[in-house]
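Chemist: Please find the sequence and the predicted model below.
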Amino acid sequence: MKNKTIYLKDYKVSSYFVESIDLTYELKKDYTLVTNESKFYKNINSKEDNILKLNWNNLDIIGIFLDWKKISIEIDSNIELIEDNTILFLNDLPDTFELKIVTKIYPHKNTSLEWLYVSNWIYCTQCEPEGFRNMTYYLDRPDVLSVYSTKIIADKQDNPVLLSNWNLIESWDLEDGKHYALWKDPFKKPSYLFALVAWKLDYIESSFTTFRWKEVTLRIFTEPHNINRCDFAMASLKRAMKWDEDRFWLEYDLDLFMIVAIDDFNSGAMENKWLNIFNSAVVFATPETATDKDYIYIERVIWHEYFHNWTWDRVTCRDWFQLSLKEWLTVFRDSEFSADMHSKSTKRIEDVRYLCNYQFREDASPMSHPIRPSFFEEISNFYTLTVYEKWAEVVRMYQTILWKSWFRKWMDLYFERHDWQAVTTEDFLNAMQDANNMNLSQFQTWYDQAWTPIVDVSSNFSAEKKIYTLTFKQSCPVRQWEKRKNPFIIPIKFWLIDSSGDEIKLENDIIILTKEEEKFEFNNIENEPVPSLLRDFSAPIILNYNYSFEKYSFLIENDSNEFNRFNAMQNFSTELLVNIVNSWVYELNDLFKNSFKSILIDDTIWNSFKAECITLPSETLIADKIWKNINPQKIFEARKYLITSLIEEFEVEFLKIYDNLKKKIDYKIDSEDIWNRKLKNVCLEYISFKNWPSNVYKAYLDSNNMTDSFSALSILSKIECKERDEVLDDFYNKWNFDPITIDKWFSVQATSPLENTLDNIKKLSKHKLFDITNPNKVRALFNSFSMLNPVIFNKPESYEFIADKVLELDKINPAIASRLVKNMINWKKLESNLWEKLRLQLLRISNEPWLSWIVLEVVKKSL
Ligand SMILES: [Zn+2]
């Protein structure tokens with residue numbers, strides 16, 4: 001098999017730097033002409049000869065001029081093209097020189113949605129991580145920063161708006177109905193932050209006054225018919241700017257901030273400095289079209305991209321191995337902001353649920369990798385939950401150990417040292433140590449070692465000596481490329497609770513593990529306590545302690561830490577479900593029933609927390625707990641049994657809550673109403689198992705917002721009945737004109753556990769509104785199916801169908817194909833007959849001779 005592994009240890013500084021780069025983009029009907037005029041100078045820290053290595057990919061070259069003299073690949077000996085046609089070598093160069101390169105590119109034919117492409121007639125770019133090299137020969141690496149100027153020339157009628165990063169210097173009309181705009185950087189930037197947009201766009205405008213009284217103009221661009229859907233995004237942006245000032249004293253550094261919303265986008269958004277480009281699905285929001293979840297997600301992505309302005313547009317990463325550096329602090333910051341804006345414990349519960357459902361799964365999969373990988377084939381495969389979410393958890397651990405003010409000290413020192421630099425994780429760690437005057441080097445283990453650490457805890461109580469002992473043993477499976485694993489530094493927030501439910505007085509509420517095995521003794525303990533361990537999920541680990549059902553039930557009643565109370569409920573239901581699957585005995589445990597009821601009827605706990613507690617763990621989470629010989633059908637049946645038993649038992653209680661919350665009909669988007677709707681719809685789902693489908697159908701008809709109607713729609717889509725078809729038709733007729741809202745119609749059908757779901761998906765994939773070149777459509781139909789519908793996805797015919805789609809997508813958009821195939825490789829621990837069927841499909845994909853690198857890397861690892 002092919003191999004093109006790149007190693008972190010092979011990093012070398014560039015032999016040249018770029019003083020300035022002047023780009024001209026002439027947008028023509030069938031192609032775009034790119035002229036790149038760059039001034040190079042020798043890097044005095046490079047030990048290499050005067051050789052320039054320019055990255056390129058698939059380029060149609062018109063001409064190369066070295067100091068105004070044309071040179072050519074055929075006749076000049078100082079130009080060499082080697083290494084799989086990805087590097088252009090220029091030898092024997094002077095210490096300073098100018099290079100002019102003219103290339104022809106074809107954005108209209110580009111379906112990869114990287115570099116320059118056309119989405120619904122709109123020209124736009126996506127250069128991170130390595131898109132720039134598809135437009136021109138360049139030092140396309142994040143540690144080469146330069147000052148850019150970009151001149152865009154286009155037909156004025158077709159493309160009246162011409163945007164790029166930084167300042168608009170001039171714009172002018174030309175002959176033949178053309179016009180141009182010239183944009184110029186005041187500061188240096190790496191090539192991955194380059195952006196260009198052109199088309200007939202409209203915008204909404206607002207402004208923000210910074211704490212130093214600087215006026216910043218804010219604009220959100222989109223096509224004119226969507227312009228009234230951007231107000232929420234604008235308000236979110238202003239909230240983010242304010243919070244970054246209040247919490248971190250970071251002021252926006254330019255006069256203008258622009259967002260452009262695009263329908264075809266591989267991810268959520270891209271933080272190109274000054275000109276953020278967004279997937280329109282994370283910009284457009286009105287109560288009729290967006291659910292509460294959408295609102296919260298939109299807000300979070302807007303904040304995330306805005307926070308990038310400091311972390312890492314100004315401090316960027318030296319090479320792509322350090323990618324997590326660019327993302328972690330931003331994820332951490334947007335998560336902290338969310339917690340400040342809504343509710344700390346709900347936010348924590350949601351984040352941890354996401355981490356355990358998806359990141360832990362990735363860490364146990366063949367694609368498992370450390371947060372700073374030491375090698376890769378395609379960096380695009382490493383935009384993962386490990387890099388984003390696990391890193392953010394590592395930062396949270398620093399904060400837990402150092403407290404908030406120390407964290408601020410680090411941040412101040414970090415920006416003081418590294419503003420406008422390209423840095424490494426070591427720079428980050430050094431600043432953390434120096435700011436806090438502490439040795440934190442053991443944190444390095446988190447950057448370099450893959451897989452979720454496991455901590456086994458045991459306890460011992462000596463009534464005679466009144467000593468209670470907790471023993472912690474940490475372990476972590478060793479991967480093929482690792483010799484051994486070093487112990488992690490792990491903060492465990494905890495408390496001890498005595499038999500009457502009171503907290504025992506302790507000196508410290510945090511234990512910091514640094515060794516493979518450690519014992520901690522607590523004196524003067526009268527009776528054996530119950531430990532409340534890993535409060536607030538203080539470390540991204542799997543913690544095992546032999547809690548009996550009695551102890552879970554005790555913690556659910558008595559733990560004062562909200563997160564742990566929730567977690568006790570989750571672990572209790574997970575264990576119960578695992579027991580049902582393994583023993584095949586359907587039985588509703590009395591202790592569980594009582595604990596569930598105590599939460600359900602407790603009027604003192606708030607609704608969002610209640611909704612989280614009574615939501616059973618997902619099928620994939622149960623599968624991950626079972627760990628081997630997984631049978632998704634059995635898991636599905638067990639979960640269905642438990643829900644049915646609970647509604648049989650507590651129908652009156654569920655209906656009481658539901659009817660009470662149903663009365664509040666005025667629609668508002670504030671935290672309290674969001675929580676009320678959340679609980680109401682969780683109750684409705686339970687009720688649907690007893691009294692379907694009339695209640696759900698009525699809820700759909702009565703709803704005055706997307707949260708409620710979508711919730712009813714997705715519940716009904718799981719039930720075989722005539723109302724199901726009616727509601728799906730109604731939703732379709734209402735929203736078929738809107739490409740974003742109709743994705744909900746695709747996804748609810750893809751996640752239905754009904755027997756005919758695969759046939760339906762096959763039909764939908766040929767529907768006139770389905771378009772495989774649009775990533776949002778692919779995510780709605782194929783990714784929802786393969787991620788969120790384990791019971792139907794885990795069938796031989798489904799594997800074959802998704803494998804077909806991976807191969808089809810690979811020819812259109814390899815990055816999206818790679819994300820889809822990752823959903824297949826996560827299921828390695830299946831019962832052998834299923835795994836064999838899945839393996840055959842993975843093998844079929846890997847045997848495709850023209851398979852892209854990015855898909856091949858994933859499939860190869862799984863085999
Ligand atoms: Zn980001």
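Modeler: Arrived safely. Numbers count the residues shown, from 1 in each chain.
Chemist: and the gap between residue 692 and the ion?
Modeler: 41 Å (CB to the ion, to the nearest Å). The way it works is simple: take the backbone N, C-alpha and C, and place the C-beta from them, glycine included.
Chemist: Check residue 253 too.
Modeler: For residue 253 relative to the ion (CB to the ion), the value is 18 Å.
Chemist: That residue contacts residue 273, doesn't it?
Modeler: No. In this structure residue 253 lies outside contact range of residue 273 using CB atoms under 8 Å: 9.3 Å.
Chemist: So which of those two has more stuff around it?
Modeler: residue 273 (21 against 16; other CB atoms under 10 Å).
Chemist: mind checking how far the more buried one is from residue 252?
Modeler: 11 Å (CB to CB, to the nearest Å).
Chemist: So which elements touch the least confident helix or strand in the chain by mean pLDDT?
Modeler: Here the helix or strand of the chain ranked lowest by mean pLDDT, DSSP states H and E is strand 79-82, holding a mean of 75. Counting contacts by 3 or more CB pairs under 8 Å, 6 or more residues apart in numbering; DSSP states H and E, strand 79-82 packs against strand 87-90.
Chemist: Could you pull up phi and psi at residue 527?
Modeler: phi -130, psi 160 (degrees, to the nearest 10).
Chemist: ok, it - contacts?
Modeler: 463, 498-499 (CB atoms under 8 Å, 6 or more residues apart in numbering).
Chemist: what does residue 649 give?
Modeler: Contacts of residue 649 (CB under 8 Å, 6+ apart): 588, 593, 597.
Chemist: secondary structure element for it?
Modeler: Assigned by DSSP states H and E, residue 649 belongs to helix 632-662.
Chemist: That helix: which residues count as buried?
Modeler: Across helix 632-662, burial judged by 16 or more other CB atoms under 10 Å covers 632-639, 642-643, 645-647, 650, 653-655, 657-658, 661-662.
Chemist: For it, give the mean pLDDT please.
Modeler: Helix 632-662 shows a mean pLDDT of 96 in the predicted model.
Chemist: which neighbours do residue 273 and residue 252 share?
Modeler: residue 309.
Chemist: quick one: contacts of the least confident helix or strand of the chain?
Modeler: Contacts of strand 79-82 (CB under 8 Å, 6+ apart): 64, 71-73, 87-91.
Chemist: Looking at these, spot the one nearest the ion.
Modeler: residue 87 (28.2 Å; CB to the ion).
Chemist: hang on, the closest one packs against residue 57?
Modeler: No. With contact defined as CB under 8 Å, residue 87 does not count as touching residue 57 (10.1 Å).
Chemist: can you list the residues of this structure near the ion?
Modeler: 327, 330 (CB under 5 Å from the ion).
Chemist: switch to 8 Å and redo it
Modeler: 269, 271, 304-305, 308, 326-327, 330-331, 388 (CB under 8 Å from the ion).
Chemist: Please flag which of those residues sit within strands.
Modeler: Among the residues of the chain next to the ion, the members falling in strands (DSSP state E) are residue 269.
Chemist: Filter the residues of the chain next to the ion down to the buried ones, ChimeraX style.
Modeler: The ChimeraX selection below is limited to those of the residues of the chain next to the ion classed as buried (16+ other CB under 10 Å):
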select :269,271,304,305,308,326,327,330,331,388
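Chemist: Can you pull out the low-pLDDT segments for the stretch 551-700 of the chain?
Modeler: Within the stretch 551-700 of the chain, the ranges that satisfy pLDDT under 70 run 664-665.
Chemist: about what we covered before: among the contacts of strand 79-82, which ones are buried?
Modeler: So, of the contacts of strand 79-82, 64, 87-88, 90 end up buried under the neighbour-count rule (16+ other CB under 10 Å).
Chemist: Closest residue of the stretch 151-300 of the chain to the ion?
Modeler: Counting by CB to the ion, the stretch 151-300 of the chain gets nearest to the ion through residue 271 (6.0 Å).
Chemist: so who does the closest residue to that residue other than its chain neighbours touch?
Modeler: Once flanking residues are discounted, residue 271 sits nearest to residue 308: 3.6 Å by CB to CB, 6 or more residues apart in numbering. For residue 308, the contacting residues are 271, 326, 330, by CB under 8 Å, 6+ apart.
Chemist: Next: residue 432.
Modeler: Residue 432 neighbours (CB under 8 Å, 6+ apart): 398, 410, 414, 440, 443.
Chemist: Please read off the pLDDT at the third one from the model.
Modeler: Going back to what we said before, that points to residue 414. 89.
Chemist: tell me which element the closest residue to it other than its chain neighbours is part of?
Modeler: In space, and not counting its chain neighbours, residue 414 is closest to residue 431: 4.3 Å by CB to CB, 6+ apart. Assigned by DSSP H and E, residue 431 belongs to helix 425-436.
Chemist: With residue 754 instead?
Modeler: Using DSSP H and E, residue 754 falls outside every helix and strand.
Chemist: What helix or strand is the closest residue in space to it that isn't next to it in sequence located in?
Modeler: Among residues not flanking residue 754 along the chain, residue 720 sits closest, at 5.9 Å (CB to CB, 6+ apart). Using DSSP H and E, residue 720 falls within no helix or strand.
Chemist: mind checking the SS state of residue 232?
Modeler: Following DSSP: H, G, I helix; E, B strand; the rest coil, the label given to residue 232 is helix.
Chemist: In the stretch 501-650 of the chain, which residue sits nearest the ion?
Modeler: For the stretch 501-650 of the chain, CB to the ion, closest residue to the ion: residue 540, 18.8 Å.
Chemist: Not counting its neighbours along the chain, what's nearest that residue?
Modeler: With CB to CB, 6+ apart, the residue lying closest to residue 540 is residue 393, at 4.0 Å.
Chemist: try residue 797
Modeler: Nearest one to residue 797, counting by CB to CB, 6+ apart, is residue 758 at 6.1 Å.
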